[in-house]
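Trainee: Need coordinates for the below:
(2 chains)
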Protein chains: 2
Amino acid sequence: MLEIERLSTTQPDFGDRLKALTDWDDGATHGVEAAVAEILTAVREQGDAALLHYSERLDGLAVESVASLEVDLARCQAALEALDSADREALETAAARVREYHLHQRQSDWEKREADGTRLGQQVRPLERVGIYVPGGKAAYPSSVLMNAIPAHVAGVDEIIMVAPAPGGEIAPMVLAAAAVAGVDRLFLLGGAQAVAALAYGTETVPAVDKIVGPGNAYVAEAKRRVFGHVGIDMVAGPSEILIICDGQTDPEWIAMDLFSQAEHDEDARALLVCPEARYLDDVQAAMERLLPEMERSEIIRASLARRGALICVRDLAEAADVANAIAPEHLELSVVEPERLASAIHHAGAIFLGRHTPEALGDYCAGPSHVLPTSRTARFASPLGVYDFCKTTSLVHCTPEGAAVLGPVASRLARAEGLTAHARSAEYRFSGGDEADR
Amino acid sequence: MLEIERLSTTQPDFGDRLKALTDWDDGATHGVEAAVAEILTAVREQGDAALLHYSERLDGLAVESVASLEVDLARCQAALEALDSADREALETAAARVREYHLHQRQSDWEKREADGTRLGQQVRPLERVGIYVPGGKAAYPSSVLMNAIPAHVAGVDEIIMVAPAPGGEIAPMVLAAAAVAGVDRLFLLGGAQAVAALAYGTETVPAVDKIVGPGNAYVAEAKRRVFGHVGIDMVAGPSEILIICDGQTDPEWIAMDLFSQAEHDEDARALLVCPEARYLDDVQAAMERLLPEMERSEIIRASLARRGALICVRDLAEAADVANAIAPEHLELSVVEPERLASAIHHAGAIFLGRHTPEALGDYCAGPSHVLPTSRTARFASPLGVYDFCKTTSLVHCTPEGAAVLGPVASRLARAEGLTAHARSAEYRFSGGDEADR
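Mentor: Modelled structure (predicted):
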């Protein structure tokens, strides 16, 4: 028997129940905070020595030097060449599509010239060196290598440093192959808060980067939050989640499997289905019960659906959109007859998968957009990982003497109103040679 | 006698001396961390009651209700109408220019259609509700109201909530007027970590926002760092800074005053001048000594220059660019004969002011770009506050059955390599109706 919550918007306490189901405390516990603070300080102060200590203690990886934790790019290339040809083709097809999609995100410099010759604009430059955190451990995710590194590569980042935990020193050949395909420049078998610390502060062996991206566990998330400011970070990631809106006309087994594909990640993953037809929710639930015993990861799926899953009955699709906007899901599937129309009512989602033939899984691997997406309602303000995460802009202002004569009096007036007279006089020199300073 | 460090790139320990001068510990002290953690928890749990408590304790503002800390928009409009007409005109001219500049930053949705009808794209939407922190206290900064709120307004944000500390309940009429000009929707006289907490979590009276922007003191910075993830934040700001590169041909008094305009902010502000001519550095130093006694904020300027200022002699302008790139200054002035050429060698800066007639002060008030810029070397990875800070994107994928038949096998192959068979089967249903699932 499969356990999953059933909700309906007609329940008087629906709002509270939905909130209880979707609440996720993004704050780290005191235990995590203290452990991470200690690790960051140790790596900042002791460099490689601290890295070796934590790699042995936390990853069971006892080595002589951090240099021996670096994987040669030749080994990555060899792993690619040793792949089964179908695996290699799949990896390269996915990489080519992700690259092609991200080419559309590149931004250009711009400049405008005013009548008096004054020029204003903005220049866009890639970051010089970035760190990519690729989760490892129990599961190996070559797709995450592509989804993090390719947008950086398209942006033109000089040096992409990948870190991945390798408990006991093991790393999947497909992850190495993905690093070769995605254009990773250096790879260290490091994970956890210590890997984040090494990238943020640099050690004798690991170079300091300008920004760290990629999802990780609670320790990684807390470490990223703490080094933010010293380096850039993309986001503080929570568990993965999907919301499916279905009109009741999609094969229930398809939808059941889509929910499973989210639930199989881990016990904290969240899979929600919203539909105006209660009967259809029954059909999907029956399909899940039928399919669950066949699944390799059935215990994880069962636990995740019981803890965090829900089948939600709504009055109509407009109300389904309201539920989606309240949740701001990382992934949103619109398995309905007119998905574009429904999409126009969605304000908050990391990625929208439109139509019955677009399961999230296609986006996870090869449709094009990065699968690194805002979780835990952060789609209210955050965007998918993209080329823009690996670029930064600089404002440009070039005043002619004529332009300075127009802008100077405005600046001077406002500066004096703020009591900042050096500002005022600095502006005044440019239009009066400083006479104004004595007024 | 004015005290300011003199450096030269010919000194053997120049690198270390520059680093010592420019190091800024972005981490909060334990005292600040603990105080902020307590305030955030109190406001999250007790709402308005905690806000009243901290406003009284920290801002000396004893009121009956948080509602009485809200300033009516009519009062802002009245403040605008009561301004001296030259002040009003300056404020409105600045606002119009800032608005015009930011119109160029608006981004569009895009979509591409593949041969098999599959569509990929990206939609851009404004954030719904944002919080703008405007520092107050000793100085009132109407320009900061414009520079934070106008980019949000141009982005199309539904509701802009401004908070500003008002010790003893006082707030400058010009700040109120700026709120009216900039399109602020609601204004609360709240400051410090408690204001950040109120915006992040919401209270009975203050609505929760999606993102909080704007600079503040160490408590505000630490509070923003801690609520990041729950809401978006722009950056964790450090003290303001300027680097001027001069070829020795600008009137030394102009450059002296430009350095003062940075130094007058506060004792932590940093003003640096780089020039290939040692004689010119002498001239600027003499000009500073001559001008300092005239300055209203001479004590702050003196302290700031002594603690954090420097005159740096370089071999040539190419080396000056290297120094600038190492520092990644918030503001960079290029007071040289061919500023565009030198600008092309600059990789890291928040804003570049080109030419002898473009002092930073023009950018601070009215040139167009926001004066909220990345400080403390974060220009390596961060951008000026802009319209992009108030928008977020959603990835869009819409596969036709033909497209799913192409992508499905790729996704299935990679998913199985990752051991995620529910992902694989979800993809397989779309091209084989599920038969593949049994292979």
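Trainee: Show me where the stretch 201-350 of chain A has its strands.
Mentor: Assigned by DSSP state E, counting those that start in this stretch, the strands in the stretch 201-350 of chain A fall at A:211-213, A:232-233, A:241-246, A:270-275, A:310-313, A:331-335.
Trainee: Now render the ones you listed as a markdown table, adding distance to A:Thr421 and mean pLDDT.
Mentor: All C-beta atoms are positioned from the backbone trio N, CA, C, and that covers glycine. Formatted as a markdown table, the strands of the stretch 201-350 of chain A follow (distance: least, C-beta to C-beta, whole Å; pLDDT from 0 to 100):
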| stretch | distance to A:Thr421 | mean pLDDT |
| --- | --- | --- |
| strand A:211-213 | 39 | 97 |
| strand A:232-233 | 36 | 95 |
| strand A:241-246 | 54 | 97 |
| strand A:270-275 | 57 | 97 |
| strand A:310-313 | 62 | 98 |
| strand A:331-335 | 54 | 98 |
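Trainee: Please dump those strands into a markdown table; it should also carry mean neighbour count and distance to chain B for every row.
Mentor: Converted to a markdown table, those look like this (neighbours: other C-beta atoms under 10 Å in any protein chain shown; distance: least, C-beta to the nearest C-beta, whole Å):
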| stretch | mean neighbour count | distance to chain B |
| --- | --- | --- |
| strand A:211-213 | 26 | 4 |
| strand A:232-233 | 24 | 4 |
| strand A:241-246 | 26 | 10 |
| strand A:270-275 | 27 | 10 |
| strand A:310-313 | 22 | 17 |
| strand A:331-335 | 29 | 8 |
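Trainee: Kindly export stretch A:279-287 (C-alpha atoms) in PDB.
Mentor: Output in PDB follows, covering the C-alpha atoms of stretch A:279-287 (Å, rounded to 0.1, in the frame of the first residue of the first chain):
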ATOM      1  CA  ARG A 279     -11.200  10.300 -10.300                       C
ATOM      2  CA  TYR A 280      -8.000  10.900 -12.200                       C
ATOM      3  CA  LEU A 281      -6.000  11.300  -9.000                       C
ATOM      4  CA  ASP A 282      -7.400   7.900  -8.000                       C
ATOM      5  CA  ASP A 283      -6.200   6.500 -11.300                       C
ATOM      6  CA  VAL A 284      -2.700   7.900 -10.800                       C
ATOM      7  CA  GLN A 285      -2.500   6.600  -7.300                       C
ATOM      8  CA  ALA A 286      -3.600   3.100  -8.600                       C
ATOM      9  CA  ALA A 287      -0.900   3.300 -11.300                       C
END
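Trainee: any idea of the mean pLDDT for the helix or strand hosting A:Gln194?
Mentor: Using DSSP states H and E, A:Gln194 sits in helix A:192-201. The predicted model gives helix A:192-201 an average pLDDT of 97.
Trainee: what packs against that helix?
Mentor: Here helix A:192-201 touches helix A:30-46, helix A:48-59, strand A:129-133, strand A:159-163, strand A:211-213, helix A:218-227, going by 3 or more C-beta pairs under 8 Å, 6 or more residues apart in numbering or on different chains; DSSP states H and E.
Trainee: Packing partners of the fifth one?
Mentor: The one in question is strand A:211-213. Contacts defined by 3+ C-beta pairs under 8 Å, 6+ apart place strand A:211-213 against strand A:129-133, helix A:192-201, strand A:232-233.
Trainee: could you redo the last one with a cut-off of 10 Å?
Mentor: Packing partners of strand A:211-213 (3 or more C-beta pairs under 10 Å, 6 or more residues apart in numbering or on different chains; DSSP states H and E): strand A:129-133, helix A:142-155, helix A:192-201, helix A:218-227, strand A:232-233.
Trainee: Any figure for the gap between A:Thr338 and B:Ala82?
Mentor: One thing to correct before we go on: residue A:338 is Glu, not Thr. From A:Glu338 across to B:Ala82, the span is 54 Å (C-beta to C-beta, to the nearest Å).
Trainee: Show the pLDDT at the closest residue to A:Ala50 other than its chain neighbours.
Mentor: Spatial nearest neighbour of A:Ala50, chain neighbours left out: A:Ala42 (4.0 Å); criterion: C-beta to C-beta, 6 or more residues apart in numbering or on different chains. The model reports A:Ala42 with a pLDDT of 97.
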